[in-house]
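Asks: I need the structure of the sequence given here:
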Amino acid sequence: MADRTVEIPSLESMTIESFIDCFHDILEWKRSRGWSGYHDNPTLDRLKEQAEFYGERYANGSYGWGCNIWSRSKDNTDVVEDSSELKPEHKLLMRSALEYVLAPNTLIRTDGVYGQHDSVKFHCRIWTDAHYPDVALRWRELTFPPPEGSKPNAEALMLPGLWTPATMPGSDGKRPIFMIRFPEHWFTLGSVSSYQGEWKKMALTHWIYHAYLQGGTGVHAGSRQFTVKDRNGSWKDIGMVVWGLTGSGKSTHGMYVFDEGNARYYKERGLDVLGIVKDQYVKNDDVVGLFVDSVRGSENGAWTKTEDVDESQTVIYKAGMSPRAFHENTTIGDDGNPDFLDESLQYRGRPNKNARTVMYLSDMKPNFDGSIDIDFPPNMAVFISPGYLTDYAWVKLADPEFASAVYAAGRTVGHPAQSAEGIGEEKYSPLYNPFIIGKKARNADHVHRFNDILHKRIELAESGEADSMDCYLINTTGRVGTEYKMDGGDPKPIFEDVKGKRKPVGGTGPKIEETELFLIQAARDLVEYGPHPIWGDKVLVPLKVPCLDESTLSKFDPFAYRDMDEMLMMLTGQVNKIRKVFDTQVQGLRKEIYTAMDF
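Replies: Numbering: from 1, shown residues only. From the prediction side, this is the model:
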């Protein structure tokens, strides 16, 4: 190897296999000639020492960095399943990456394992441009150490220092390409962006595929576990899975804990919450594997949105303010510590809405028990779909096909943490999960797996072997009854600009505590429901939530703001949009799911 030069494949001959092989050949060639080539899993202290040079130290001893792009570059990411799909634009980025690595650009190799349970353990190896040690550091701290001698299940080459003229195929040369995922080769190539989310979601994208192949479905959701006193006074274990797009409240509700601080809110409304809940444990924050009999976590930590977080969000605030935490795009407060409420940082002309922190689950003790898994069949599935026009604050999805259709549609609203475009606008992200790849696990396959789990759980409940998995749809960051205007025959919510932020006009939305009050009373089987005025018994609306006064509950009913004709018009349009999503992004859905929302 030392006697020859590595030959980079020409654009004409470039394949996925030759690209991956050449990359490894370059590293071997460098080593054979006495070059370092890469740093092999530097210690935490070593990586931190390198990264500290261009980071900021907070008074509590933690460190923070900024990144060059403040959200994932979804529109600059492509997926290529085999070499026949490679376009000249892909090959240009691939060749440029090999040329970059061949030059005296040293890499950092970091290895980590996702999953604590043997059924979902997944070894990922990331090669990072050594100019960006903080990203390599933060990513590895979210994973478990790999066993001695373990070989990676997936690899990635991440080069934020690389810029090429390569553009996304089909964009007429107007949109650059940053990321290419090769799911069937378990490899990802990344460039340009130093946003932590590219590292994390790159690896978890491959893990989601892996979880499906193990018989479950990888879902973009958090998980928590607690025990409540049910309507009969018996203690009942709750395993809750919370789906939602970034910025919707997934972390807020997926890591919520009732404690002495927030217990006052519930006490004032007649509920001694600490007397009816115990053994509260955060499990995972972002991506988990859903199985019939369990929920398997992926990460050993959490990379969580922290803007607007205060002491009321106990475990997030506690772990986020730890000296061991690593921050991203987070300002320094007057006391020298991370300031999660500050709005002085800006991105693209607006106040920062994507401050992030890598935090350790172990810093959430006593609300972390060392396990990231729910080792019994989960019994609450909560979908977060923020909306402005037709949504109640909370509903129960009583029909498994309707629940599967809600899951498949992934209706939400845009948030700055998702993208700099479309903030506040209705959008659809099927399965609440833009990280699904792989020939053997299309969107519809994941939906069918979820639907099969629901039906299996109904069977187990009928035989008394396990609880069913009850499904709920909640509206967190949206508004019930927002004012609207007609735009080309389509109702659109009205927004106003308030200090650089888009705010909906009119209507009202539930507080965090109000939503948690509903969820815990639903877990206790104490909420009284009635049929949805349009969807009937498929969707149940709350008529009475113990300890929530009727005047408050009435404000969370869209029919308090719209008449029947308006709601029929809006829901007809919504169902038609969802059909288009199914036709273009979730092809192959079973008919009973495809038509579940019809009325």
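Asks: any idea how the protein splits into domains?
Replies: If you go by automatic domain parsing, the domain ranges for the chain are 16-40+71-214, 218-299+372-594.
Asks: Make JSON lines out of the ones you listed and add distance to Trp65.
Replies: Every C-beta, even on glycine, is put in place using the N, C-alpha and C of the backbone. JSON lines is the format used below for the domains of the chain (distance: least, C-beta to C-beta, whole Å):
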{"stretch": "domain 16-40+71-214", "distance to Trp65": "5"}
{"stretch": "domain 218-299+372-594", "distance to Trp65": "17"}
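Asks: Tabulate those (JSON lines), appending mean pLDDT.
Replies: Formatted as JSON lines, the domains of the chain follow (pLDDT from 0 to 100):
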{"stretch": "domain 16-40+71-214", "mean pLDDT": "97"}
{"stretch": "domain 218-299+372-594", "mean pLDDT": "94"}
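Asks: which stretch among those domains comes nearest Pro323?
Replies: Of all the domains of the chain, domain 16-40+71-214 sits nearest to Pro323, with 13.6 Å by C-beta to C-beta.
Asks: so how far does the closest one reach from one end to the other?
Replies: End-to-end distance of domain 16-40+71-214 (C-alpha to C-alpha, to the nearest Å): 25 Å.
Asks: Over to stretch 542-558?
Replies: 12 Å.
Asks: Now it: buried residues?
Replies: Across stretch 542-558, burial judged by 16 or more other C-beta atoms under 10 Å covers 542, 545-548, 552-553, 555-558.
Asks: can you map out the helices along the stretch 51-200 of the chain?
Replies: Using DSSP state H, counting those that start in this stretch, the helices of the stretch 51-200 of the chain run over 88-102, 133-140, 196-213.
Asks: Tell me which of those helices sits most buried.
Replies: helix 133-140 (a mean of 26; mean count of other C-beta atoms under 10 Å).
Asks: and the helices of the stretch 51-200 of the chain as TSV, adding distance to Leu27?
Replies: Converted to TSV, these look like this (distance: least, C-beta to C-beta, whole Å):
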stretch	distance to Leu27
helix 88-102	7
helix 133-140	16
helix 196-213	19
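Asks: Tell me which of these sits nearest to Leu245.
Replies: helix 196-213 (12.4 Å).
Asks: in its sheet, what does the helix or strand just after the closest one sit against?
Replies: The helix or strand immediately downstream of helix 196-213 is strand 217-219, counting by DSSP states H and E. If you go by DSSP bridges, strand 217-219 pairs up with strand 288-290 (antiparallel).
Asks: elements contacting the following helix or strand past the strand it pairs with?
Replies: Downstream of strand 288-290, the first helix or strand assigned by DSSP H and E is strand 295-297. If you count contacts as 3 or more C-beta pairs under 8 Å, 6 or more residues apart in numbering; DSSP states H and E, strand 295-297 packs onto strand 277-284, strand 288-290.
Asks: For Gln587, give me its contacts.
Replies: Going by C-beta atoms under 8 Å, 6 or more residues apart in numbering, Gln587 touches 442-444.
Asks: got a markdown table for those, with neighbour count, distance to Ala398 and secondary structure too?
Replies: Output for the contacts of Gln587, formatted as a markdown table (neighbours: other C-beta atoms under 10 Å; distance: C-beta to C-beta, whole Å; DSSP: H, G, I helix; E, B strand; the rest coil):
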| residue | neighbour count | distance to Ala398 | secondary structure |
| --- | --- | --- | --- |
| Arg442 | 17 | 27 | coil |
| Asn443 | 20 | 24 | helix |
| Ala444 | 20 | 23 | helix |
